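# Got a predicted structure plus its sequence, pasted below:
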Amino acid sequence: MKKEERKKPNKKLTRKQIIILTIVTIILGIICYLISTEITKSIIDHKTIEEKMKSDDFSDLTEIDTIDNITLQDLINNYNDISDEKIDINNINDNKITIKDIEIVFNLKDDNNINIISINFKKKSKDTKKLISNMIIANNENINTETTDLIYDNVFKTLGTTKNNDSKTSEFFQYQGLEFSLKEYKNSDYKYSFRIGRIVS
């Protein structure tokens, strides 16, 4: 008969090793919790707004949120921070500027704060979509590009909700202190006008 192999005695962890392992386990647990919470929140937020914006009724998306005033200079600074196509405020004449055949009109209040921005363009394009996305984010940095894509796609989807002899308009809806809509004109230099309104208290 073969002799039974002797089992090697398990080495006991020292008190120092136990303390280190405990601390590492706690830290890893906290990191995993924070990461999973953030990922879950992001998925829920995205799915919620996506589901609401896919519906024909934007009233569910409407939030009563308001937003602080912003001057034209601050808006342009915000826009230039995130855009490759910069805007020189000195080139804005009569509150209008044209970039790559896209006209931007800034409607100001008496105190020089932004009220409404109209982005006028002749056809849908990547440049137009990117400019609109950047202008929305410049108005509210808490809105991300996924949301701006949904906004852009769905105002086109609802275009024609209101019609008259000269134009048709999309649904109006509000999100995080901003209001969005799209108008299509029958006879105009610019076929489309995307509107960003600021809802201030």
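Everything's here; your move. Numbers count the residues shown, from 1 in each chain.
# which residues sit in contact with Tyr192?
Asn120, Phe121, Lys122, Lys123, Lys124, Leu182, Lys183, Glu184, Tyr185 (C-beta atoms under 8 Å, 6 or more residues apart in numbering). C-betas here are computed from N, CA, C, even on glycine.
# Specify the beta-bridge partners of it.
On the basis of DSSP bridges, Tyr192 is bridged to Phe121, Glu184.
# how much space between it and Ile92?
Applying C-beta to C-beta, to the nearest Å, the value for Tyr192 to Ile92 is 21 Å.
# again, but for Gly29
Separation of Gly29 from Ile92 (C-beta to C-beta) stands at 53 Å.
# out of the two, which sits in the busier spot?
When Gly29 and Ile92 are compared for neighbours, Ile92 comes out ahead with 15 against 10, by other C-beta atoms under 10 Å.
# who does the nearest residue to that one once chain neighbours are set aside bridge with?
Closest residue to Ile92 apart from its sequence neighbours, by C-beta to C-beta, 6 or more residues apart in numbering: Phe106 at 7.0 Å. With DSSP bridges as the criterion, the beta-bridge partners of Phe106 are Ile117.
# tell me the contacts of Phe106?
Residues in contact with Phe106 (C-beta under 8 Å, 6+ apart) are Leu72, Leu75, Ile92, Asn95, Lys96, Ile114, Ile117.
# switch the cut-off to 7 Å
By C-beta atoms under 7 Å, 6 or more residues apart in numbering, the contact list for Phe106 reads Leu72, Asn95, Ile114, Ile117.
# Just the closest of the residues you listed to Thr66, please.
Of all those, Thr66 sits closest to Ile114, with 13.8 Å by C-beta to C-beta.
# Helix, strand, or coil at Asp68?
Secondary structure assignment for Asp68 (DSSP: H, G, I helix; E, B strand; the rest coil): coil.
# Ramachandran coordinates for it?
Backbone torsions of Asp68, given as degrees, to the nearest 10, read phi -70, psi 160.
# Give the next helix or strand downstream of the helix or strand bottoming out on mean pLDDT in the chain.
Within the chain, no helix or strand scores below helix 15-54, which has a mean of 70 by mean pLDDT, DSSP states H and E. On the C-terminal side of helix 15-54, the nearest following helix or strand under DSSP states H and E is helix 72-82.
# Now do the buried residues in that following helix.
Leu72, Leu75, Ile76, Asn78, Tyr79, Asn80 (16 or more other C-beta atoms under 10 Å).
# so where's this protein shaky on pLDDT?
Applying pLDDT under 70 to the chain flags residues 1-11, 13, 36-64.
# cutoff 80 now
1-13, 15-18, 32-34, 36-64 (pLDDT under 80).
# what's the neighbour count on Lys109?
By other C-beta under 10 Å, neighbour count at Lys109 equals 13.
# Kindly report the same for Asp127.
14.
# correct me, but it touches Asp101?
No - applying C-beta atoms under 7 Å as the test, Asp127 and Asp101 come out as separate, 8.6 Å apart.
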